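In: with the sequence up front, the predicted model follows.
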Amino acid sequence: MIAAENDRLCFPELARELYDAAGEPKSYWLAPRAGHLSILDEHPRELVERMTAFFELAGTN
């Protein structure tokens, strides 16, 4: 689950609730300073790294 710290449309608290309810494998990242749909603009490298790592891990389960 990826949430933006300053998202005023999809509140980070709601993303956290979805994360808490999800089964494994799961991962949560609250992207600092990002707003709705701006995570890729604010954190392009970290976003790609986190998504790649998650799907690599999920593929081994």
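Out: Cool, got the structure. This structure is a prediction, so every number in the text was calculated from the model and none was measured. Residues are numbered from 1 along each chain as shown.
In: show me what the longest helix seen in the chain is in contact with.
Out: Determined from DSSP state H, the single longest helix within the chain is helix 44-60. With CB atoms under 8 Å, 6 or more residues apart in numbering as the test, helix 44-60 has contacts from 2, 25, 27, 29, 31, 39-40. For the C-beta atoms, the positions are set from N, CA and C on the backbone; glycine is no exception.
In: in the chain, which helix or strand is least confident?
Out: Using mean pLDDT, DSSP states H and E, helix 44-60 stands out as the lowest-scoring helix or strand of the chain, at a mean of 92.
In: wait, D7 sits on H36?
Out: Yes - using CB atoms under 8 Å, D7 is in contact with H36, at 4.5 Å.
In: restricting to C-alpha, output the longest helix of the chain in PDB.
Out: Presented in PDB, the C-alpha positions along helix 44-60 are these (Å, rounded to 0.1, in the frame of the first residue of the first chain):
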ATOM      1  CA  PRO A  44      10.400   8.600  -8.500                       C
ATOM      2  CA  ARG A  45      13.400   6.500  -7.600                       C
ATOM      3  CA  GLU A  46      12.100   5.300  -4.300                       C
ATOM      4  CA  LEU A  47       8.700   4.500  -5.700                       C
ATOM      5  CA  VAL A  48      10.200   2.300  -8.400                       C
ATOM      6  CA  GLU A  49      12.600   0.600  -6.000                       C
ATOM      7  CA  ARG A  50       9.800  -0.100  -3.500                       C
ATOM      8  CA  MET A  51       7.400  -1.500  -6.100                       C
ATOM      9  CA  THR A  52      10.100  -3.600  -7.700                       C
ATOM     10  CA  ALA A  53      11.100  -5.000  -4.300                       C
ATOM     11  CA  PHE A  54       7.500  -5.800  -3.400                       C
ATOM     12  CA  PHE A  55       6.800  -7.700  -6.600                       C
ATOM     13  CA  GLU A  56      10.000  -9.600  -6.400                       C
ATOM     14  CA  LEU A  57       9.100 -10.700  -2.900                       C
ATOM     15  CA  ALA A  58       5.500 -11.500  -3.800                       C
ATOM     16  CA  GLY A  59       6.800 -13.600  -6.700                       C
ATOM     17  CA  THR A  60       8.800 -15.800  -4.300                       C
END
